[in-house]
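Visitor: from the sequence below, what's the structure:
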Amino acid sequence: MDCNQNIDELIKAANQGDPLAMANLCKIYAEGVVVKKDLAYAIYCFVCAVGFGVPQNIFDDAINTLFEKVEFKDIVSLAESGNPDVQYFVGLCYGDGIGTEQNAQEAVYWYRKAAMQNHSLALFMYGVRLWIGNGTEKDLFLAEKVLRQAVRQGALGASKYLEEVETEKNATVPYYLVKITDAQWADMMMNGDIFMRTLEEFARFENEDENEIFDESKKDTFRKDTLEGLVVSQHTMPLYLPENGGLKKINVPAGLVDALTLHEKVFCLYTLEYDEKNMCFVKPNPRLRDFGDTAIVITDAEKFLSRIFDALKEKYGDKFWWAYKRVSYNIDIFKEGKYSEFCKQPSYSWQNEFRIAIDISDGKFSNEFFHKESTDYAMITFLNNGGMIDNDNGVKSDDNSITLKIDVSDICVKMPVSELLYLKHNLFKIIPPSKVNPLEKKREPRPTLTKRVLVGDDSRLIFTAQYLDSVIL
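Guide: This next block holds a predicted model:
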C-alpha cells in the first residue's frame, strides 16, 4: 500500500470520528514528509482529535511532533489571521503552558476570539474560565450563556459544566419572581386569584406532524413544549412493534411522557435576576412579550410562597404534594436520564422559569381519567406496578385547573410588560431582591402511566405506547 492510500484511509477513519486517525494526520501534515506541509490543517486535525476525546498519550505525541517542526510564534501568526481552530490551539497552549509560558489571561484572550466565531471547544474553555474566574473576572451570567452555546455546538463534556454553573447561579443569585400574562389575568391575580393549570396545558400533543415534532420553526416555541412530562430517556430502550400478527422487539433511543406528571398543576413565573457585582438587573429577553402585555413583580417571594402553602393546606388538608424551584434546561432525549416536572429542553432557556408544581391526586385517579389519558395496556401495567384508581366520583385531581385565593396586594407590583423588559419601573432602582430557596419534597417512587413514547429515529415521533410496560422510577 502506498503513502497516498494510507493517508486516504486515515482521512476516511477521521471522517468517521476516529481521534487516533485525526492525531496521526496532524503529525503527517506537521512533518510535511509524505505530503505538503500544512500547519493550519495539522492543527485542525489536532483540534478535532481533542474534540473527540483523544487519549492523553496520543495527545502528547501529536503535540511533541508539532513543536518539533513548528515554532510557537508561527502558530500565533497564523492565529492572528483569524483561523478559529488555531486561535483555540493558541489558547490551549497558553492555558497549559505548551510550547510557551503559561499565561491565563492570554489563554482567555485567544479562547474568546475563537468563541466569537462559534468554535465549540473554545466556547467550552472560555465558559469554564468565566465560571471559575481564571484569567478573567468570574461571571456566572456570561459563563452560562457561553457554555449553553458550547452545548448547542456539540462540545464534549460542556453539558456537565453548564449544570454546575446553573446550580451555583440558582443558589447564589437573587431574583424577583414575575408573572407575565394578559391584563385580564393580571387583574385577577392582583385581586388574589392564583390560577393554576395542568402541566399538560403547556405541552404539545394534538394534531402534530410526526416529521416536525422537534422542528423549532413548526411549533409554538414560546409555550408548547413537546417534552413536557418527560420522566425518563434512554439511549436504547426495548420497544415492541406489531408484525405479522405478533410483536417484534427493537431497541431505539426513546423517552416516556407520563400522564400523571402532565396532570400536576403548575404556576409558572419568570426569574428577574440581579447582578450583585454590577448592582443591576439582568435585562430580560424581549421574547417574553409573547406571554402577555402585563407583568406582576412579586417583591417578597417568601411571603408569596408561604401564602400559597396556607391556601393549599386550607383547601386540601394534608392530601397534596408540592415543590418549587427554578427550571433546569437539561433534557436530552438521546441520552440516558431521568427528569422531573422541573426540566425542559435547552431551547427554552430564555424563559428563565421558576415553577410551582402541585399534585393533589394522593396517588389516586378516577376510571374516567385513566380511560381518557392512556391505553388499556398502559393502565393495566400501571396498576400491576402499584398504581391506584379511586372509585370516588369526586376525585378533585381530575380537574384541569385549580384556583387559590391569597392576598398579594402588599407584595406585588403591576406594570406594563415594556417596563419590565426595559427595566424602566422605579421598583428596579430602589429595592434589590432576595434569594429564593427551592423546595424539593421527596415522593415515594410511583409507576409511570405512559401517555406516549417519543422514539428518536432522526428526531421523529414513531408511535405511542400501546405495547410498552410502565416502569418504576
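Visitor: mind pulling up the pLDDT for residue 378?
Guide: Reading off the confidence values, residue 378 has pLDDT 62.
Visitor: can you give me the buried ones in the host helix or strand of residue 6?
Guide: Counting by DSSP states H and E, the element that carries residue 6 is helix 3-15. For helix 3-15, a neighbour-count test (16 or more other C-beta atoms under 10 Å) marks 7, 10, 13-14 as buried. The C-beta positions use only the backbone N, C-alpha and C, and glycine is treated the same way.
Visitor: any idea how far that helix is from the middle of the chain?
Guide: Put simply, helix 3-15 sits 37 Å off its chain's centre (C-alpha atoms, centre = their mean, to the nearest Å).
Visitor: pLDDT on that helix, on average?
Guide: 77.
Visitor: what's the following helix or strand after that helix?
Guide: helix 19-31.
Visitor: helices or strands up against that next one?
Guide: Secondary-structure packing of helix 19-31 (3 or more C-beta pairs under 8 Å, 6 or more residues apart in numbering; DSSP states H and E): helix 3-15, helix 39-51, helix 56-69.
Visitor: looking at the ones you listed, which is nearest to residue 242?
Guide: Residue 242 sits nearest to helix 3-15 of all those, at 38.4 Å, using C-beta to C-beta.
Visitor: using CSV, write out every CA atom in the closest one.
Guide: Extracted C-alpha coordinates of helix 3-15, given in CSV (Å, rounded to 0.1, in the frame of the first residue of the first chain):
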residue,chain,number,x,y,z
CYS,A,3,1.5,6.5,1.2
ASN,A,4,-1.4,8.2,-0.5
GLN,A,5,-3.6,5.1,0.2
ASN,A,6,-2.5,5.2,3.8
ILE,A,7,-3.5,8.9,4.1
ASP,A,8,-6.8,8.3,2.3
GLU,A,9,-7.6,5.6,4.8
LEU,A,10,-6.6,7.9,7.7
ILE,A,11,-8.9,10.6,6.3
LYS,A,12,-11.7,8.2,5.9
ALA,A,13,-11.3,7.0,9.5
ALA,A,14,-11.0,10.6,10.8
ASN,A,15,-14.2,11.5,9.0
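Visitor: report the angle between that helix and helix 19-31.
Guide: 130 degrees (axes from the mean of the first three to the mean of the last three C-alpha atoms, to 10 degrees).
Visitor: which other residues reach helix 3-15?
Guide: The contact list for helix 3-15 (C-beta atoms under 8 Å, 6 or more residues apart in numbering) reads 20-22, 24-25, 28, 34-35, 45, 48.
Visitor: in stretch 52-59, which residues are buried?
Guide: 52, 54, 58-59.
Visitor: average pLDDT across that stretch?
Guide: Computed over stretch 52-59, the average pLDDT equals 88.
Visitor: can you show me the CA trace of it as CSV?
Guide: Extracted in CSV, the C-alpha atoms of stretch 52-59 (Å, rounded to 0.1, in the frame of the first residue of the first chain):
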residue,chain,number,x,y,z
PHE,A,52,-13.5,13.5,20.1
GLY,A,53,-11.6,12.8,23.3
VAL,A,54,-8.2,11.7,22.2
PRO,A,55,-6.2,9.7,24.9
GLN,A,56,-3.5,11.7,26.8
ASN,A,57,-0.6,9.7,25.3
ILE,A,58,-1.7,10.3,21.8
PHE,A,59,-2.4,14.0,22.6
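Visitor: nearest to residue 185 among the buried residues of helix 3-15?
Guide: Checking these one by one against residue 185 (C-beta to C-beta), the nearest turns out to be residue 14, at 56.1 Å.
Visitor: so what's the residue count around the nearest residue to that closest one once chain neighbours are set aside?
Guide: Nearest residue to residue 14, sequence neighbours excluded (C-beta to C-beta, 6 or more residues apart in numbering): residue 21, at 4.2 Å. When counting by other C-beta atoms under 10 Å, one arrives at 21 neighbours for residue 21.
Visitor: tell me which element the closest residue to residue 140 other than its chain neighbours is part of?
Guide: Nearest non-adjacent residue to residue 140, counting by C-beta to C-beta, 6+ apart: residue 169, 4.6 Å away. Assessed by DSSP H and E, residue 169 sits inside helix 158-172.
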